[in-house]
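J.: okay, here's the prediction I keep looking at, along with the sequence it came from:
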Amino acid sequence: MAATATPAAPERAGEPAVVTTTEPANGSGSPSGTAGNSDTADTADTAGTAGTAGTAGTAEPLQRFAVLGAGAWGSTFAKVLADAGREVKLWARRTSQVDRINATGRNEEYLPGIELGENVTATDDLDEALTDSQAVALAVPSQSLRENLTVFRQVLPGAGPVISLAKGVEVGTGLRMSELIAGVGRIAPERIVVLSGPNLAAEIAAGQPTATVLACTDHAAAVAVQLACAGGYFRPYTITDVIGTEIAGTTKNIIALATGIAEGLGLGLNTSASLIARGLNEMTGLGVALGASAQTFAGLAGLGDLVATCSSPLSRNRSLGVLLGKGQSLQQATETTGALAEGVVSCRSTRDLAHRHGISMPITEAVFAVCHQHAAPEQMIRSLMDRPPTPE
Ligand SMILES: NC(=O)C1=CN([C@@H]2O[C@H](COP(=O)(O)OP(=O)(O)OC[C@H]3O[C@@H](n4cnc5c(N)ncnc54)[C@H](O)[C@@H]3O)[C@@H](O)[C@H]2O)C=CC1
Ligand SMILES: O=C(CO)COP(=O)(O)O
């Protein structure tokens with residue numbers, strides 16, 4: 001299905017409407033929103049080798065994309081781009097997986113039964129994936145992004161958007177993905193576009209409509225990606241709050257673990273809704289302390305993704321939480337699902353960030369205790385209900 005790119009209005013009232021792609025790229029996009037803590041990211045110079053967003057004067061949408069990482073989300077985003085009429089090289093580590101994708105047009109391991117589209121070609125050769133690409137999407141898990149970037153950075157193009165798809169904060173450093181991409185990947189912050197929202201891969205791959213946000217300090221770079229990936233079932237909005245978008249995408253996974261645990265304990269929707277609402281409160285508190293806008297948390301990247309992830313049986317975080325709530329150990333539950341649940345590591349890195357910034361995150365603390373301190377799931381509920389009364 002070739003969908004026509006239809007630029008969406010900005011997510012927030014008050015942001016400029018998107019009417020053109022000919023607007024010049026803001027080569028001086030402030031790095032302050034994305035590169036804080038870059039002293040711990042890597043000592044590499046982020047600006048010197050980076051080039052600009054490469055969107056200046058681009059009348060046509062970006063056409064040639066590389067997607068690095070062929071799991072559920074990378075493959076789905078490749079399909080979204082292909083359905084929007086783009087050409088996509090999908091990079092995977094395993095030659096056997098590449099061969100299967102190219103032979104069948106499907107990635108059965110991660111997206112059973114889904115046709116990726118004629119415009120998607122898989123490769124295990126990074127150079128081949130990136131040759132002539134005008135934009136790159138990074139779709140490897142958050143905790144392996146650093147290791148991958150040390151290789152990717154040798155071949156990443158010197159211009160054009162770099163789209164960050166992973167949801168997480170690095171354990172140990174507390175760095176957001178855009179900070180890693182800037183510091184380790186040596187990409188200028190104004191080229192980094194963070195995509196996040198209520199985006200369960202299996203639903204999107206099946207063509208079910210969803211909205212998302214593209215966050216970038218350089219509005220023109222976000223618009224360029226928006227024009228390239230918008231289609232009949234995928235509606236991206238642009239915003240400039242990179243910090244809020246990334247913190248929301250990371251922390252909603254922790255709250256999804258909590259709602260899953262509650263469900264596993266046999267608790268109902270009052271408990272779940274309470275965790276979602278109070279979860280949103282603590283997500284917002286951390287984001288604002290780090291420099292984000294509270295509004296972002298009320299939008300697609302915050303409330304939108306939180307509701308989707310906490311409610312859907314497709315969510316790997318929620319599903320793992322259900323098994324924990326039923327009494328499985330973290331190891332048993334991880335083996336049972338066999339899937340990536342970023343919240344398990346993110347509750348550690350988020351908790352560290354919260355401690356560092358003096359922010360109270362009781363649900364995150366309680367989930368951390370269940371995942372990493374052998375606390376019983378009932379203890380999660382008790383620790384939250386026994387807290388001293390406070391104003392909302
Ligand atoms: N699946 C979903 O619905 C969505 C996922 N995300 C985020 O996208 C990121 C990727 O998730 P998925 O694609 O769903 O995970 P996945 O588990 O389906 O796929 C991960 C991919 O990365 C590869 N990989 C794993 N370790 C690697 C390493 N050390 N080096 C290179 N490649 C490695 C795997 O082989 C696989 O191809 C995560 O941060 C996730 O939170 C975001 C939105 C939706
Ligand atoms: O990020 C997601 C939906 O937006 C995917 O959530 P899970 O990782 O819990 O499956």
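T.: Yep, it's here. Values in this document were obtained by computation on a predicted structure and should not be read as measured data. Numbers count the residues shown, from 1 in each chain. Ligands and ions are numbered 1, 2, ... in the order given.

J.: what are the phi and psi values for whichever residue of the chain sits closest to ligand 1?
T.: Per Cβ to the nearest ligand atom, G71 is where the chain lies closest to ligand 1, at 1.6 Å. Bear in mind the C-beta positions are built from the backbone N, C-alpha and C, glycine included. With angles defined as degrees, to the nearest 10, G71 sits at phi -80, psi -160.

J.: not counting sequence-adjacent ones, nearest residue to it?
T.: Using Cβ to Cβ, 6 or more residues apart in numbering and skipping the chain neighbours, the partner closest in space to G71 is Y110 (5.3 Å).

J.: the one you found - how many residues pack around it?
T.: 21 (other Cβ atoms under 10 Å).

J.: next: R235.
T.: By other Cβ under 10 Å, 18 other residues sit near R235.

J.: confirm it sits in a strand?
T.: Yes - assigned with DSSP: H, G, I helix; E, B strand; the rest coil, R235 falls within a strand.

J.: now do the same contact list for the residue nearest to G71.
T.: Taking Cβ atoms under 8 Å, 6 or more residues apart in numbering as the contact definition, Y110 lies against A70, G71, A72, S75, A201.

J.: quick one: pLDDT of the third one?
T.: In other words, A72. pLDDT recorded at A72 is 98.

J.: likewise for the fourth one?
T.: Per-residue confidence (pLDDT) for S75: 98.

J.: could you tell me how many residues sit around it?
T.: Here the count is done by other Cβ under 10 Å, and S75 has 28 residues near it.

J.: correct me, but it touches L111?
T.: Yes - in this structure S75 lies within contact range of L111 using Cβ atoms under 8 Å: 5.3 Å.

J.: just give the number of residues close to Q63.
T.: 16.

J.: ok, it - contacts?
T.: So Q63 contacts R86, E87, Q134, A228 (Cβ under 8 Å, 6+ apart).

J.: hmm, 10 Å instead?
T.: L81, G85, R86, E87, N119, D132, S133, Q134, A135, A228 (Cβ atoms under 10 Å, 6 or more residues apart in numbering).

J.: wait, which of the residues you listed is closest to ligand 2?
T.: L81 (17.5 Å).

J.: contacts only, for the spatially closest residue to E263 that is not a sequence neighbour.
T.: Excluding the flanking residues, the one nearest E263 by Cβ to Cβ, 6+ apart is V322, at 5.2 Å. With contact taken as Cβ under 10 Å, 6+ apart, V322 is in contact with 257, 259-265, 313, 315, 328, 333, 337.

J.: in helices, which of those residues appear?
T.: L257, T259, G260, I261, A262, E263, G264, A333, T337 (DSSP state H).

J.: of the residues you listed, which pair is most distant in space?
T.: A262 and T337 (17.5 Å; Cβ to Cβ).

J.: which ones among the ones in helices among the contacts of V322 also lie next to ligand 2?
T.: Residues of the ones in helices among the contacts of V322 in contact with ligand 2 (Cβ under 6 Å from any ligand atom): none.

J.: domains of this structure?
T.: Domain ranges of the chain: 31-240, 244-385, per automatic domain parsing.

J.: including distance to E11, could the ones you listed go into JSON lines?
T.: Output for those, formatted as JSON lines (distance: least, Cβ to Cβ, whole Å):
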{"stretch": "domain 31-240", "distance to E11": "4"}
{"stretch": "domain 244-385", "distance to E11": "5"}
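
J.: which of those comes out lowest on mean pLDDT?
T.: Minimum mean pLDDT among the domains of the chain: domain 31-240, a mean of 89.

J.: for T250, give me its contacts.
T.: 142, 166-169, 176-177, 196, 283, 286-287, 342-343, 345-347, 349-350, 353.

J.: the helix or strand hosting it: which residues count as buried?
T.: Under the criterion of DSSP states H and E, T250 resides in helix 242-264. Residues 242-264 are the ones in helix 242-264 that count as buried (16 or more other Cβ atoms under 10 Å).

J.: please enumerate the helices of the stretch 201-350 of the chain.
T.: Applying DSSP state H, counting those that start in this stretch to the stretch 201-350 of the chain gives helices spanning 201-205, 219-229, 242-264, 269-289, 294-297, 305-311, 316-325, 330-337, 343-357.

J.: deepest of those, which one?
T.: helix 242-264 (a mean of 30; mean count of other Cβ atoms under 10 Å).

J.: mind checking how far V223 is from C229?
T.: With distances taken as Cβ to Cβ, to the nearest Å, V223 is found 11 Å from C229.

J.: give the residues shared as contacts by those two.
T.: Common neighbours of V223 and C229 (Cβ under 10 Å, 6+ apart) are P61, L214, P236.
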